[in-house]
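quick one: sequence and predicted model below, then my questions.
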Amino acid sequence: MWVVKLGGSLCTDALLPDWLALLGQLGGGRVALVCGGGTLADEVRSLQGRWQVGDLSAHNMAVLAMVQNAYLLHGLNPALQPVCREVDVLPTLRRGGVALWMPLELLRDQCDATTNWDVTSDSIALGLAQRLNAERLVVIKSCQVDEQLSLEALVAHEVLDRNFAAQARQSGMPIDLLSREQGGEMKSLLLQGCRAH
């Protein structure tokens with residue numbers, strides 16, 4: 001079982017349908033798909049800055065941005081199967097589907113260690129992968145990803161959120177970072193379980 005995190009910025013990218021078709025065709029029974037908040041989450045940051053609302057409100061708004069984008073993905077590819085509870089991910093995969101996670105369970109009534117901008121959808125996807133004991137996490141970014149850079153360097157370059165590298169070190173699972181143009185790499189991963197070279 002794999003968790004695939006699709007960057008929210010891809011929700012306005014012409015390649016989005018191709019990515020969804022690939023994951024829908026080859027990810028059945030294996031992939032739990034997580035979508036980032038993208039421009040909707042960017043608007044949350046802007047509104048928080050304008051009105052100075054607390055991190056708890058911003059966190060809940062950003063989680064709902066992820067949910068809205070997941071509905072977009074489902075609208076574009078109805079074969080993706082929405083799941084609102086983590087416990088429903090594995091049963092969906094056992095039925096041969098691609099589980100499209102709607103992270104409503106992450107809405108909070110009180111602040112905790114995750115209700116801040118150090119933890120964005122990248123770390124949220126990694127957390128899901130850890131809780132589900134996934135074999136692999138694949139993070140698909142709209143920007144170029146330099147494969148020579150460490151996770152710490154990618155955090156420093158703001159490709160990944162500030163929490164990601166430390167959390168990844170604890171996970172022990174393989175993590176692949178792909179850019180928007182690397183659909184062929186993703187196809188090789190799904191077919192062979194390894195990176196194409």
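Arrived safely, thanks for sending. From a predicted model like this one, the values you see are computed outputs, not experimental measurements.

next up, phi/psi of the closest residue in space to Gln144 that isn't next to it in sequence, please.
Counting by CB to CB, 6 or more residues apart in numbering, Gln144 lies nearest to Ser179, which is 5.1 Å off, once chain neighbours are set aside. Just so you know, the C-beta spots here come from the backbone N, C-alpha and C atoms, and that holds for glycine as well. Note on Ser179: backbone dihedrals following degrees, to the nearest 10 are phi -100, psi 170.

so which elements touch the helix or strand where Gln167 lies?
Using DSSP states H and E, Gln167 maps to helix 164-171. Other elements packing on helix 164-171 under the criterion 3 or more CB pairs under 8 Å, 6 or more residues apart in numbering; DSSP states H and E are helix 121-131, helix 151-156.

give me the distance from the shortest one to the chain's centre.
The reference is to helix 151-156. Chain-centre distance of helix 151-156: 17 Å, with CA atoms, centre = their mean, to the nearest Å.

buried sites along that helix?
151, 154-155 (16 or more other CB atoms under 10 Å).

likewise for stretch 183-197?
Neighbour counts using 16+ other CB under 10 Å place 183, 185-186, 189-190 of stretch 183-197 among the buried residues.

and if you look at stretch 22-37?
Buried residues in stretch 22-37, defined by neighbour count with 16+ other CB under 10 Å: 22-24, 26-28, 30-37.

number of residues surrounding Leu80?
Other residues lying near Leu80 total 24 when counted by other CB atoms under 10 Å.
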